Structures are given as structure tokens and as C-alpha cells.
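1. model this:
(one chain, ligands or ions: 1)
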Amino acid sequence: MLLRRVYKQHRWLASHVKFLSTQKSSIDIKVDNDGIAILNLQRPPVNSFSMDFLKELSKSLDFVENNKITAMILTSAFPRVFSAGLDINEVYKPDAVRFKEFWTTLQEVWMKLFGARFITAAAINGQSPAGGCLMAMSCEYRVMIKGTFTIGMNETSLGLIAPTWFMELVKNTINVRDAEYAFTTSRMFTPEEALKVRLIDEIAADKDDAIAKCKRFIKKFDEITPSARINTKMKLRGPAIKKLQNTRQEDTEEIYQLVIHPDTQKVAIFQLYSSPVSANPAIITGYDPMEVCIENCAQCKKMLGAWFEGQLCAESCIKYRGKMIPDCENYASISPFLNKL
Ligand SMILES: CCCCCC/C=C\CC(=O)SCCNC(=O)CCNC(=O)[C@H](O)C(C)(C)COP(=O)(O)OP(=O)(O)OC[C@H]1O[C@@H](n2cnc3c(N)ncnc32)[C@H](O)[C@@H]1OP(=O)(O)O
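-> Take a look at the predicted model:
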């Protein structure tokens, strides 16, 4: 009787979700016959977290919670990127009010995902730097597909400092020494390296296999009393959530001050990945070889796409203070940044 009701509810959810996903949403939610919600992130081009996208994720988590769905798998609809992390357009030359709302939304999403009463797993089917890694780490189980993808906390290489609650999360997942080394050196892990330090739990052959492995993890809880599982999870995760709840404003102010600092705004990635309007050389005042160099890297990236290592190019602009400006049409000047795809 109970089983029949649950099955009927899932059938209703499946049709309801189908309706929701016709609304041009950036998150596709499907509830399968086992009653597991699969959240496919699909915000082009790289699932970067803008404020609107975070708000949508927040609503999707509410949907899972409110419909008493027992488990959720977070994954990406794109073949090579799980998530590129925070949307650079939210942090490059930010408006104070908007940035603070953006950060508050990120905190809220993190608390909902990390503290979810339902079971959470991530099928990491592509690149997962910084904020992408944060979302995956907030789940209870991570399966990453094998390939040339990496996962990690690359904030320091971008001149950024991750918030304390993200650091604590990693420190509580992998060992403290690995966490310190990874955060300070911006180490990006291949799936094999990530497995070795337990940043992820399993490696899969492809996305279907990753989802199947996440489901196998979720299935383990068939043998466990739901209230024992939930209360144990809350005891383990509750204190970190409470800590952030009590310091939300300070955390927001601290990050805002960091973001608007001139040194941070000069960071290469902001110019490389922000929208073309703000990266237009016409609005760069004066002649700064480093800025011209980074702008050229962005131009070459646009021309050559995946063949061109834009971030490496921008990092070299900073390292050599714009002394070697790449010319996209001059092979010798860009060869160090061409990859061997
Ligand atoms: C800010 C507060 C500080 C502390 C908070 C700490 C927590 C998190 C911080 C962050 O998350 S910062 C973001 C860090 N993210 C990255 O470093 C990733 C940057 N992106 C990449 O490395 C690559 O794009 C990729 C994800 C590996 C994919 O590479 P691919 O070659 O497939 O694609 P690209 O050609 O590089 O990019 C395609 C397209 O996407 C745009 N884009 C990429 N990343 C972002 C982003 N994070 N935000 C906004 N837009 C992004 C990129 O500009 C390209 O756009 P178009 O040129 O096609 O318009």
C-alpha cells in the first residue's frame, strides 16, 4: 500500500517535473522510478554560478525536499564541464548590493545542499574547479568520470581566498595536510589523484556509469533506518551550518572587501572570462602591457577555443609583466599555450 503510494507520487512528480523543464530552465530535474531526483545543470556554456542560477538551484533543492524525495544526484548536462565555479561576471567590477545578495545566495545554497535531509551524491562528469568543486564536495558521495578532467580548489592561483566554511568542508573530507597543500598551491586533481586523497569516492567510465555508481551508494540506505541516517547526518553537519548561520554577514563583508580590492580585480581570470563588454580594450584606460597581454589571451581563446590554454596564457602575462604579448596570428608567440587535444 505504502509502496504503491510512493510509486504513484513518483509518477506524478515525473510528469510535473517534465512540465517544469519545458520552461527553459537551467536545471533539468527528473525523478526516476526509484524515486531519485537527477538534477542536470544546464546553464551554457559552462554551468558557472550566477545569482539567478544559484536561486534556481536553491528552488530545485526545495523541490526535492518538499516532495519528500529520498535522494538527489547532481550532475551536468554538458559533456566536458561539471561546473566552472562562480560566474566571473558576478565578481568582476561588482555592484555592492548585488554582490552581497549573490554571496548570500551562495551561502544559502551551500547550507541547503550540505544540510539536505535527503541523500545527496554528485556525478562529476567534467571539469570541476573552485565553486564547482564546492558543490560536489557538499554532497555525501562523489563519483567522477575518468578522462582529462580535473577537480580542485584553484582559488589562490586566481588571487582569491576561499571562504572558511569551504576550507572546513574540505578539511573534514580529506586529511588536513592534503587540504592545506591543495588550497595553498591551488592543486588540481586528476580523477585518480582525487580518489587517492578521497576528494572523490569512485571513478566511473562515463556519465551513465557515474549515475549508476551514485545510485549504488544511495541504495545502501535501504538497509538503514531513515531517522537514524538523517539524525546522524545532521549531528555531523549541523555544527558547520550553525557556524555559518551565525557569521553570515561577516563572511559576506569579508569576501566583498576581498573582491573589490584592486589586486583582486586585476586578476587575470576576471578579464579573461568576464563578459566581452567589461573586457573590451576600449574601456581599459591607459597603456598597460599586462592588460593588453591578457586581452590578447582572451582574443586568442575566442579564436582558437579548446585548442588554446587561455588561463596559462594570462598567468604568463602576469609572470612576465606583459613583456611577451601573444599575437593570435603568430604561431611562435602562442605555441606555449596550444594544447595537444
Ligand atoms: C569571488 C570570491 C572569492 C572566494 C570564493 C571562492 C570560491 C569559488 C571561486 C570561484 O569559483 S572563481 C571561478 C573559478 N573558475 C575557474 O577558474 C574556471 C575558469 N574556466 C575554465 O577553466 C574553463 O572555462 C573550463 C571550465 C575548464 C572549460 O574550458 P573550455 O575550454 O571547455 O571552455 P572555455 O573556452 O574556457 O570557456 C567557454 C566559455 O565559458 C566562459 N567561462 C568559463 N569559465 C567561466 C566562469 N567561471 N564564469 C563565467 N564565464 C566563464 C568563457 O569565458 C567562455 O565564454 P565565451 O568566450 O564562449 O563567451
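2. the one residue in the stretch 1-150 of the chain that gets nearest to the ligand: what's it in contact with?
-> Closest approach between the stretch 1-150 of the chain and the ligand, counting by CB to the nearest ligand atom: residue 85, at 2.6 Å. For every residue, glycine as well, the C-beta is placed using N, CA and C. Listed by CB atoms under 8 Å, 6 or more residues apart in numbering, the contact set of residue 85 reads 48-49, 129-134.
3. let's go with 7 Å and repeat that
-> 48-49, 129-132 (CB atoms under 7 Å, 6 or more residues apart in numbering).
4. do the same with residue 328
-> Per CB under 7 Å, 6+ apart, neighbours of residue 328: 296, 299-300, 303, 334.
5. what's the neighbour count on the closest residue to it other than its chain neighbours?
-> What sits nearest to residue 328 in space, not counting adjacent residues and going by CB to CB, 6 or more residues apart in numbering, is residue 300, at 4.1 Å. Other residues within reach of residue 300, judged by other CB atoms under 10 Å, total 23.
6. these two touch, right, residue 300 and residue 311?
-> No: taking contacts as CB atoms under 7 Å, residue 300 lies outside contact range of residue 311: 12.0 Å.
7. anything in contact with each of those two?
-> By CB under 7 Å, 6+ apart, no residue touches both residue 300 and residue 311.
8. what helix or strand is the residue nearest the centre of the chain on?
-> With distances taken as CA atoms, centre = their mean, residue 132 lies nearest the centre of the chain, 1.4 Å away. Secondary structure from DSSP states H and E places residue 132 in helix 131-138.
9. I'd like to know which elements that helix is packed against.
-> helix 96-114, strand 151-152, helix 164-171 (3 or more CB pairs under 7 Å, 6 or more residues apart in numbering; DSSP states H and E).
10. that one near the ligand at all?
-> Yes: shown here: helix 131-138 in contact with the ligand (CB under 6 Å from any ligand atom) through residue 131.
11. need the per-residue pLDDT for residue 308.
-> Per-residue confidence at residue 308 stands at 89 (pLDDT).
12. may I see the buried residues of stretch 164-183?
-> For stretch 164-183, the buried set under the neighbour-count rule, 16 or more other CB atoms under 10 Å, comprises 164-167, 169-171, 173-174, 178-179, 182-183.
13. from those, pick the one nearest the ligand.
-> For the buried residues of stretch 164-183, the nearest to the ligand is residue 166 (6.2 Å; CB to the nearest ligand atom).
14. how far away is the closest one from residue 289?
-> 34 Å (CB to CB, to the nearest Å).
15. tabulate the CA atom coordinates of stretch 133-150 in CSV.
-> Taking Å, rounded to 0.1, in the frame of the first residue of the first chain, the C-alpha atoms of stretch 133-150 are listed here in CSV:
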residue,chain,number,x,y,z
CYS,A,133,34.3,21.6,-6.5
LEU,A,134,32.4,23.2,-3.6
MET,A,135,29.1,22.0,-4.9
ALA,A,136,30.4,18.4,-5.4
MET,A,137,32.1,18.4,-2.0
SER,A,138,28.9,19.4,-0.3
CYS,A,139,27.2,16.2,-1.4
GLU,A,140,27.7,13.0,0.6
TYR,A,141,29.2,10.9,-2.2
ARG,A,142,31.2,11.8,-5.3
VAL,A,143,31.8,9.8,-8.5
MET,A,144,34.0,11.4,-11.1
ILE,A,145,34.3,10.1,-14.7
LYS,A,146,37.8,9.3,-15.9
GLY,A,147,39.4,11.4,-18.6
THR,A,148,41.5,14.6,-18.8
PHE,A,149,39.2,16.4,-16.3
THR,A,150,40.4,17.9,-13.1
